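Colleague: Quick one: sequence and predicted model below, then my questions.
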Amino acid sequence: MSALPALPSEASAPAPAGMLTVRKLRKSFGGFKAIDGVSLAMAPREIVAIIGPNGAGKSTLFNLVTGHILPDHGEVLFEGRRITGAQPHDICRMGIGRSFQRINIFPKLNVFQNVQAAIIADRGKGSRLWGRSAALFGEETMALLESIGLADYAGATSGELSYGAQKQIELGIALASQPRLLLLDEPTAGMSARETRETIALLERIAAERSLSLLFTEHDMAVVFSIAQRIAVLHQGRLIAEGTPAQVRSDPEVRRIYLGAGK
Ligand SMILES: Nc1ncnc2c1ncn2[C@@H]1O[C@H](COP(=O)(O)OP(=O)(O)OP(=O)(O)O)[C@@H](O)[C@H]1O
Ligand SMILES: [Mg+2]
């Protein structure tokens, strides 16, 4: 599956065989260090959580990985290939999908159309196909809706559905590009307890079925500790701890800074 050739990075060391490698990333906004020397590596099929207080830099780190912002220093490698500086749509096409912290769908389109649009956009067939797009990728769109449990809502207006269902549409949009690495920014934020449980089960199933690597941020520690195989803790732009859930849970600094306050 790792068909992308390894391009030479600025260092002469051999490219790592992992899924994602973040090396010494730094990003400041007007002198404020939002990401301050973060390094991180993920293996294929790993499920990794990034946790940390509000403003720790979690979304910024995601934006650096997906090319939505450029780092001041450091680099990101995907399957051994340097992607720093590439455009977000190119990074998406290489195999990194993402969902955003804020819902990012077309509210007036129905569920089918939202996911279909993402599939058409990914397959890159050009704008001339949009005019007769209703029939395009119909089976593929329905298959994807089936797999994320939204087939019954295919004709429903997206913006009128529950928050949880809208997040599911986002997941469908992110999966349309058939990513091998999926970044989810607070996938259960704002959900009811029931929606949260269903979303966790869905994510675990999708990740297993599609052999995905998952990198997610989350404030709900029950979610984090139930699905993450590894947890990295960000605080003021720096990684202060990284390890298995058990290691992170018992880390004195993490307890003091983050988990201690009843989280
Ligand atoms: N484009 C930007 N311009 C200026 N400052 C920014 C920008 N993006 C993020 N920041 C700042 O960088 C810091 C980190 O923000 P970020 O959104 O990455 O935090 P976060 O960990 O995702 O927080 P939350 O848990 O609230 O989502 C914050 O202080 C934020 O105000
Ligand atoms: Mg955020």
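Modeller: Structure received. Numbers count the residues shown, from 1 in each chain. Ligands and ions are numbered 1, 2, ... in the order given.
Colleague: ranges for the helices of the stretch 101-250 of the chain?
Modeller: 111-123, 138-147, 163-175, 193-209, 221-227, 245-249 (DSSP state H, counting those that start in this stretch).
Colleague: what's the burial count for residue 205?
Modeller: Neighbourhood size, residue 205 [other Cβ atoms under 10 Å]: 13. Where C-beta positions appear, they are placed from N, C-alpha and C, glycine not excepted.
Colleague: if I look at it, how far off is residue 19?
Modeller: Distance, residue 205 to residue 19, using Cβ to Cβ, to the nearest Å: 20 Å.
Colleague: how distant is stretch 202-215 from the center of its chain?
Modeller: From the chain centre to the centre of stretch 202-215 is a distance of 11 Å (Cα atoms, centre = their mean, to the nearest Å).
Colleague: How about stretch 73-88?
Modeller: 15 Å.
Colleague: before we move on, what about stretch 147-155?
Modeller: That offset, for stretch 147-155, works out to 21 Å (Cα atoms, centre = their mean).
Colleague: coming back round to it: can you put the helices of the stretch 101-250 of the chain in CSV and add mean pLDDT and distance to ligand 2?
Modeller: Output for the helices of the stretch 101-250 of the chain, formatted as CSV (pLDDT from 0 to 100; distance: least, Cβ to the ion, whole Å):
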stretch, mean pLDDT, distance to ligand 2
helix 111-123, 91, 22
helix 138-147, 94, 26
helix 163-175, 93, 15
helix 193-209, 92, 17
helix 221-227, 91, 14
helix 245-249, 94, 19
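Colleague: Rebuild the ones you listed as a markdown table, extending it with distance to residue 215.
Modeller: What follows is the helices of the stretch 101-250 of the chain, written out as a markdown table (distance: least, Cβ to Cβ, whole Å):
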| stretch | distance to residue 215 |
| --- | --- |
| helix 111-123 | 20 |
| helix 138-147 | 20 |
| helix 163-175 | 12 |
| helix 193-209 | 11 |
| helix 221-227 | 12 |
| helix 245-249 | 15 |
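Colleague: Which among those helices is found nearest to residue 154?
Modeller: When the helices of the stretch 101-250 of the chain are compared by Cβ to Cβ, helix 111-123 sits nearest residue 154, at 4.2 Å.
Colleague: Now do the buried residues in the closest one.
Modeller: 111-122 (16 or more other Cβ atoms under 10 Å).
Colleague: just the angle between that helix and helix 138-147, please?
Modeller: 120 degrees (axes from the mean of the first three to the mean of the last three Cα atoms, to 10 degrees).
Colleague: Which strands and helices lie in contact with helix 111-123?
Modeller: When contacts are defined as 3 or more Cβ pairs under 8 Å, 6 or more residues apart in numbering; DSSP states H and E, helix 111-123 packs onto helix 138-147, helix 163-175.
Colleague: Among those helices, show me which one is buried the most.
Modeller: helix 163-175 (a mean of 22; mean count of other Cβ atoms under 10 Å).
Colleague: Just the residues contacting that helix, thanks.
Modeller: 97-100, 103-105, 111, 114-115, 118, 144-145, 147-150, 153, 158-159, 161, 182, 184, 187-188, 190-192, 195, 198-199, 202-203, 206, 210 (Cβ atoms under 8 Å, 6 or more residues apart in numbering).
Colleague: Pull out the buried residues from those.
Modeller: Using 16+ other Cβ under 10 Å, the buried ones in these are 97-100, 105, 111, 114-115, 118, 144-145, 147-150, 153, 158, 161, 182, 184, 187-188, 191, 195, 198-199, 202-203, 206.
Colleague: can you list the residues that contact stretch 57-64?
Modeller: With Cβ under 8 Å, 6+ apart, stretch 57-64 has contacts from 22, 25, 27, 34-36, 38, 50-52, 68-71, 76, 98, 101, 183, 185, 215, 217, 234, 236-237.
Colleague: Would you mind naming what in the stretch 1-150 of the chain lies close to ligand 1?
Modeller: The stretch 1-150 of the chain comes close to ligand 1 at residues 29, 34, 52, 54-60, 101, as judged by Cβ under 6 Å from any ligand atom.
Colleague: Right, I'll leave it there.
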